[in-house]
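Student: Build me a structure from this.
(2 chains)
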Amino acid sequence: MAKSIASEFTKGLWNEVPPFRLVLGLCPVLGVTTSMKNGIGMGLATTFVLLCSNILVSLLRKVIPAKVRIACFIIIIATFVIVVEQMMAAFAYTLFMDLGVFIPLIVVNCIVLGRAEAFASKNGIAKSTADGLGIGLGFTWALGLLGAVRELIGTGSLVGDVFGLIHWDFQNIFGASFEPFAFAVQAPGAFVILGLLLCAMNLIPSK
Amino acid sequence: MGEMIKMVVVLTVLSVVSGGSLSWLKDFTEPKIENQVMNLVKGPAIRQILENTDNDPVEDRFKIKDGEEERNVFVGVFDGTPDTVVLEASANGYGDKVGMVVAINMAEETIRGIAVTTHKETPGLGARAKDDPNFAAQFAGQSINQEFGVTTDGGQISALSGATITSRAVASGVNKAIETYKKLKPEMEAKISGMGK
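Tutor: Predicted coordinates:
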């Protein structure tokens, strides 16, 4: 039992990391990853929603009637998304402005509903917690990595913080003569770099 | 039948619990969000349209009762005289409400400047009302004894191309601010007469 909980957690981090392995939830993946800071912020917001909705759906899985389960899941998910939105506006307003419309859009993120439907409604609370946390953190590192690559190529620097707790500030990593490719932080650059990262992920076989 | 009732009950209970907890959350976060907006959006916007004041307009603000509502009034002191007040206004744009701050020169009865603060307009179109300084600059120096409107409606403000609705919202927001200003002028004058010394 203990082993399987651990494996539910770790599968999200590598074998089933949503954007790269499952190619799910690409809207925020392409939209907000203009910098590492935004990517990680969005990833953590999604992780919170995923974790809470997984726990609640798992707790209520025997109460929720099968015919209205999707409506119930959406109510639960939407509630937590509003919680995230309000808390982010209250405590991390600049991140809230950067992420803008993508925060309310977590409601329709297929990963969140997908985990509720495919996993939490069929499994116990411990497994669902591990699953939500694993998939969420996998999503976070994927967004953070894509954001970092785009920010590096697009601006030559990595600057930011996570909710004011961890700061990083690396200016001109490639030296002062590096000419940034603004293309990388624009929308088409997101597709190209995501494609290259997918390609790189496929070169490393999943276990 | 039993299943039917269960579905209704479960959905109702879920919605009630969700709605109730969110309204509690809103009460909890509202003052904090207002504070953040003041520091990070309205504050910089007001300081930008009121350059070179002797005071800090964001610090020198007070609330005035306008019927049911309380309105923020920011005061700008120029050369020792508090002759400018900044009022907030909002009007329906293309997305949500477009919020703005309008600075009025009380002595000359002109607009000193306006700035869009909070909005959910389309990036690249309506959002230029905030990002493009030329649009807001059209209002500066205009008399407040006129109705503002976009040129397509016979007004004096050139709308942002592709964003007529947003431009209209800004113009009508400015009109609302002027209306509020005229209504509350005596009270505001009484409040600020002691400032700037």
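
Student: Can stretch B:81-95 be said to contact chain A?
Tutor: No - judged by C-beta under 8 Å from any C-beta of the partner chain, stretch B:81-95 and chain A are separated, with a smallest distance of 9.1 Å. For glycine as for every other residue, the C-beta is placed from the backbone atoms N, C-alpha and C.

Student: buried stuff in that stretch?
Tutor: By 16 or more other C-beta atoms under 10 Å in any protein chain shown, the buried positions in stretch B:81-95 come out as B:82-91, B:93-95.

Student: Secondary structure and distance to residue B:57 added to those, as a markdown table?
Tutor: Shown next, in a markdown table, are these (DSSP: H, G, I helix; E, B strand; the rest coil; distance: C-beta to C-beta, whole Å):
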| residue | secondary structure | distance to residue B:57 |
| --- | --- | --- |
| B:82 | strand | 10 |
| B:83 | strand | 12 |
| B:84 | strand | 8 |
| B:85 | strand | 9 |
| B:86 | strand | 6 |
| B:87 | strand | 12 |
| B:88 | strand | 12 |
| B:89 | strand | 16 |
| B:90 | strand | 19 |
| B:91 | strand | 22 |
| B:93 | coil | 25 |
| B:94 | coil | 29 |
| B:95 | coil | 28 |
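
Student: so which of those comes closest to residue A:78?
Tutor: Of all those, residue B:95 has the smallest distance to residue A:78: 19.3 Å, by C-beta to C-beta.

Student: contacting residues for the closest one?
Tutor: Residue B:95 makes contact with B:119-122, B:126, according to C-beta atoms under 8 Å, 6 or more residues apart in numbering or on different chains.

Student: now do residue A:191
Tutor: residue A:30.

Student: Could you check how far it is from chain B?
Tutor: Residue A:191 sits 18 Å away from chain B, going by C-beta to the nearest C-beta, to the nearest Å.

Student: quick one: that residue is in a strand?
Tutor: No - Residue A:191 sits outside any strand when classified using DSSP: H, G, I helix; E, B strand; the rest coil, being helix.

Student: picking up where we left off before, and the contacts of residue B:95, which are buried?
Tutor: Buried members of the contacts of residue B:95, counted by 16+ other C-beta under 10 Å: B:119, B:121, B:126.

Student: Can you sort out which of the contacts of residue B:95 also neighbour chain A?
Tutor: Okay, of the contacts of residue B:95 touching chain A (C-beta under 8 Å from any C-beta), that's residue B:120.

Student: just the contacts of residue B:95 now: which is nearest chain A?
Tutor: Nearest to chain A among those is residue B:120, at 7.4 Å by C-beta to the nearest C-beta.

Student: Tell me who's in contact with that closest one.
Tutor: The contact partners of residue B:120, by C-beta under 8 Å, 6+ apart, come to A:101, B:93, B:95-96.

Student: what kind of secondary structure is it in?
Tutor: Following three-state DSSP, we place residue B:120 in the coil state.

Student: Now the two most distant members of the contacts of residue B:120.
Tutor: Based on C-beta to C-beta, the longest span within the contacts of residue B:120 runs between A:101 and B:93 and measures 14.5 Å.

Student: And the helices in chain B, which stretches?
Tutor: B:2-37, B:43-49, B:128-131, B:133-137, B:164-192 (DSSP state H).

Student: Can you name the element that comes right after the longest helix anywhere in chain A?
Tutor: Using DSSP H, we find that the single longest helix of chain A is helix A:125-155. Following helix A:125-155 in sequence order, the next helix or strand is strand A:158-162 (DSSP states H and E).

Student: Which secondary structure elements does that following strand sit against?
Tutor: Contacts defined by 3 or more C-beta pairs under 8 Å, 6 or more residues apart in numbering or on different chains; DSSP states H and E place strand A:158-162 against helix A:36-59, helix A:125-155, strand A:166-170.

Student: returning to what we had before: closest one of the contacts of residue B:120 to residue A:196?
Tutor: Nearest to residue A:196 among the contacts of residue B:120 is residue A:101, at 26.6 Å by C-beta to C-beta.
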